[in-house]
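> Got a predicted structure here, sequence first:
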Protein chains: 4
Amino acid sequence: MKETTTRVEAFSDAVIAIAITLLILEIKVPHAAGEEHLWTALAGLWPSYVAFLLSFFVIMVMWVNHHELIRMIEAVDYPFFFANGLVLLTVTFVPFPTAVLAEHLNTAEAGAAMAFYCATFIPSSLAWNLLLHTIRRGNLFKPECTAEEISRIARAYSMSAPVYLVATVVAFYQPWLGLAINLALWILWIRLGYHSTTHTAEHRTRRRTAPMR
Amino acid sequence: MKETTTRVEAFSDAVIAIAITLLILEIKVPHAAGEEHLWTALAGLWPSYVAFLLSFFVIMVMWVNHHELIRMIEAVDYPFFFANGLVLLTVTFVPFPTAVLAEHLNTAEAGAAMAFYCATFIPSSLAWNLLLHTIRRGNLFKPECTAEEISRIARAYSMSAPVYLVATVVAFYQPWLGLAINLALWILWIRLGYHSTTHTAEHRTRRRTAPMR
Amino acid sequence: MKETTTRVEAFSDAVIAIAITLLILEIKVPHAAGEEHLWTALAGLWPSYVAFLLSFFVIMVMWVNHHELIRMIEAVDYPFFFANGLVLLTVTFVPFPTAVLAEHLNTAEAGAAMAFYCATFIPSSLAWNLLLHTIRRGNLFKPECTAEEISRIARAYSMSAPVYLVATVVAFYQPWLGLAINLALWILWIRLGYHSTTHTAEHRTRRRTAPMR
Amino acid sequence: MKETTTRVEAFSDAVIAIAITLLILEIKVPHAAGEEHLWTALAGLWPSYVAFLLSFFVIMVMWVNHHELIRMIEAVDYPFFFANGLVLLTVTFVPFPTAVLAEHLNTAEAGAAMAFYCATFIPSSLAWNLLLHTIRRGNLFKPECTAEEISRIARAYSMSAPVYLVATVVAFYQPWLGLAINLALWILWIRLGYHSTTHTAEHRTRRRTAPMR
């Protein structure tokens, strides 16, 4: 049973869109109490802003990656639904570690909070690897995706779980350094996407200029 | 009046996607108080994680089932909207028993909370049966769906309400056993889908190889 | 500038789907305190269930009506966006009076809460009338919609604001009677849709059997 | 790599739809305490209603603008995803300043709250400008969009950040005057859209009447 990607794409988009938008609910309105001015109270929320921006960024990167991955496949099957569901599970979970981080970033527990935040991306990364594995096993890639292209993606995917693990351990002692490792990985993800799409574009151009089959 | 399934599918997807994503809002950020470490507090939230995973799983299974069912129909009519609405009502309700479960799973009220959780799937199951009945009465199935295929689904549907009822009663005395019954049913649902789609695929292959009408 | 209804339909569906799903957030998990059993506490939430069911039902009816109305138009224009936006505004507002109702239905303030609930449908009804007016002025109806069909809808629309006004006044003194008036109107709306679509179907059949143009 | 706008449009619609619907969660149900009547308590929530209506209106205007902009482009590329993501970030942020405004509009901090509210549209405006710049640099506009049309939009976009800056400073001392400046800008945006689409329509008509290529 193979079918087009339309509905699973729409469902995934909706879930990711909601997860990214729910992040804002974690920034709690300050109740300017007594002497304190509203501006001071708003400035005191900086951990919430940091956590919000961070999680918005990572979910956005995930959406773009999901989008790029789905574009490379031509059909979905039953196991795909559940592997994709697992990825979505890890995306919808993000608002929780985000809230934990926002609440503890300027406390003595900053290390633990940041480590928890980084740690939640380990299962997330495993879910992405499972999704890729499911796509390969189900033979769902479009015929124009080269084996080389797919293994480049697989290498990038398999790399991320260990990096998150390192980030988690580091974050415990050096919260900001752990965060920096995460950020570096995400920026790398963006560049990976860039590269991949350039590659695809070249590939297509080559195909188009080739004689018609 | 018959029309295509596009918009009701999109609406259902959106409702299910939101319900599945709202689940995370029920996990409340712990406020590490006094002596307690953040990690201890986070670990103490295990009932919330269990409830979250459980409900994410069941809503995911429901989405896949909804998806499979909609694929089998070729049109929707007015009664379908309301029968489908009733199914969606029971899906959007899930976050509430989930929160009740999360709050009471490690208290003396665990049995009552788990029974309440299981009980909410009884009306849900009835709504699915009504939806199937509405589809049949409205003659909405695609012509390629065999009567045998449809009655196999009907048998599976009609079986679930009694199972949930048993799970509810059992859960009162043995919360985890009640949960296990639910889980068993959901896994059965997944397998049912598998079987159904394999069947459909065979069916299609047969039709394709048959001479053109 | 006329364009197809696709994107405004998708956006409206999303807004309505979210509003209908947010309703569940208003049912607060009971914290079984002291002597009270969880079941007693859950049963004590009946005003929340009533409010939830009521609002789920009315938003569902609104979605079906929105859907039926959009099906009758062939294009959208700029004023349509804002008239439709006004309708969506009144839909997204529904969770608030619902929460007010849930909180006060079993208190001495039940009358005021129910009157407030009913009253919020007055602007809603006016927004629907404005939307219809905008569609007519913009000449957006499909050519196959008969003038008679449109004026029947217009009559039904223009009738609802006064009914909600009466329901509001009645609800103040007799909360449940006010509610009954609302419910009667909503059921009438459903029947209206039925009638309208049967009519359309007949109309179409007639057109199909007519000689090709 | 260019691709059609479909999926990014759907994702943006979902994010904007959720942001606009979450606004209602910021209106907290009053708990009629002691002597106070429910109606008095509901009337006392006027700052919440003002903030809700304001933010609903501005997000609606943003949606329409997003919609109009996307209609003018024929493809999206990788940088577009992130520039669009930045716009969505500023849209999802709106519920927070809205809640701050609702909480403080009838306190001594009204000026600070309104200034904060206005200030959040400065980065929003910059994000829109970046999006437009990305579209131009990526050469994503449809061929039928005239240079003149695009620069008219660019002028309107570049004007808004300074206006929001002025509104922010003014709001500090005269909250309602700051608000009025914002509102004036938004109404101008609506009119801009009107003008633009009329222009496009004329343009199209001209093209249609021109001899076929």
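Everything's here; your move. Residues are numbered from 1 along each chain as shown, chains lettered A, B, ... in the order given.
> Now do the same contact list for the residue most central in space within chain A.
Centrality entry for chain A: nearest residue to the mean C-alpha point is residue A:62, 3.1 Å, by C-alpha atoms, centre = their mean. With C-beta atoms under 8 Å, 6 or more residues apart in numbering or on different chains as the criterion, the residues that contact residue A:62 are A:16, A:91. Bear in mind the C-beta positions are built from the backbone N, C-alpha and C, glycine included.
> what helix or strand is it on?
Taking DSSP states H and E as the criterion, residue A:62 maps to helix A:46-71.
> Which parts of chain A are helices?
In order along the chain, chain A carries the following helices (DSSP state H): A:6-22, A:38-43, A:46-71, A:78-93, A:95-104, A:110-119, A:121-137, A:147-173, A:175-209.
> backbone phi and psi for residue A:45, please?
Backbone geometry at residue A:45, expressed as degrees, to the nearest 10, gives phi -90, psi 10.
> burial count for it?
When neighbours are defined as other C-beta atoms under 10 Å in any protein chain shown, residue A:45 has 19 of them.
> likewise residue A:107?
Each residue near residue A:107 was counted by other C-beta under 10 Å, and the total is 12.
> same deal with residue A:72?
When neighbours are counted by other C-beta under 10 Å, residue A:72 registers 17.
> so who does it touch?
Applying C-beta under 8 Å, 6+ apart to residue A:72 gives the contacts A:141, A:142, A:145, A:150.
> Format those residues as TSV; extra columns: neighbour count.
As requested, these are arranged in TSV below (neighbours: other C-beta atoms under 10 Å in any protein chain shown):
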residue	neighbour count
A:141	19
A:142	10
A:145	18
A:150	15
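> doesn't residue A:92 make contact with residue A:120?
No: with the criterion set as C-beta atoms under 8 Å, residue A:120 and residue A:92 do not qualify as a contacting pair; they are 11.4 Å apart.
> Those two - which one has more neighbours?
residue A:92 (23 against 18).
> Helix A:121-137 and the helix holding residue A:62, what's the angle between them?
Interaxial angle, helix A:46-71 versus helix A:121-137 (axes from the mean of the first three to the mean of the last three C-alpha atoms, to 10 degrees): 10 degrees.
> Could I get the average pLDDT for helix A:46-71?
Helix A:46-71 comes out with an average pLDDT of 92.
> buried stuff in that helix?
A:47-48, A:50-52, A:54-71 (16 or more other C-beta atoms under 10 Å in any protein chain shown).
> likewise stretch A:120-134?
Under the neighbour-count rule (16+ other C-beta under 10 Å), stretch A:120-134 has A:120-122, A:124-132, A:134 buried.
> now stretch A:98-106
By neighbour count, with 16+ other C-beta under 10 Å as the criterion, the buried positions of stretch A:98-106 are A:98, A:99, A:100, A:101, A:102, A:103, A:104, A:105.
> Contact distance from chain B - what residues of chain A qualify?
Residues of chain A lying near chain B by C-beta under 8 Å from any C-beta of the partner chain: A:1, A:3, A:7, A:10-11, A:14-15, A:18-19, A:22, A:25-26, A:78, A:81-82, A:85, A:88-89, A:92-93, A:95-96, A:99-100, A:103-104, A:107, A:109, A:112-113, A:116.
> now do 7 Å
Residues of chain A lying close to chain B by C-beta under 7 Å from any C-beta of the partner chain are A:1, A:7, A:10-11, A:14-15, A:18-19, A:22, A:78, A:81, A:85, A:89, A:92-93, A:95-96, A:99-100, A:103-104, A:109, A:112-113, A:116.
> near chain D, from these?
A:10, A:14, A:18.
> Near the last one, how many other residues are there?
Using other C-beta under 10 Å, the number of residues around residue A:18 comes to 28.
> got it, and the second one?
Residue A:14: 30 surrounding residues under other C-beta under 10 Å.
> what does the one 10 residues further on give?
Burial of residue A:24, expressed as a neighbour count using other C-beta under 10 Å, amounts to 23.
> Likewise for residue A:174?
Residues lying near residue A:174 (other C-beta under 10 Å) number 14.
> what's the answer for residue A:184, then?
Burial measure for residue A:184: 12 neighbouring residues, criterion other C-beta under 10 Å.
> so what pLDDT did it get?
The predicted structure lists residue A:184 with a pLDDT of 90.
> do residue A:22 as well
Per-residue confidence at residue A:22 stands at 92 (pLDDT).
> In contact with it, which residues?
Residues counted as contacts of residue A:22 (C-beta atoms under 7 Å, 6 or more residues apart in numbering or on different chains) are A:95, B:21, B:25.
> Can I get these in CSV including neighbour count and distance to chain C?
Converted to CSV, those look like this (neighbours: other C-beta atoms under 10 Å in any protein chain shown; distance: C-beta to the nearest C-beta, whole Å):
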residue, neighbour count, distance to chain C
A:95, 26, 14
B:21, 27, 9
B:25, 16, 7
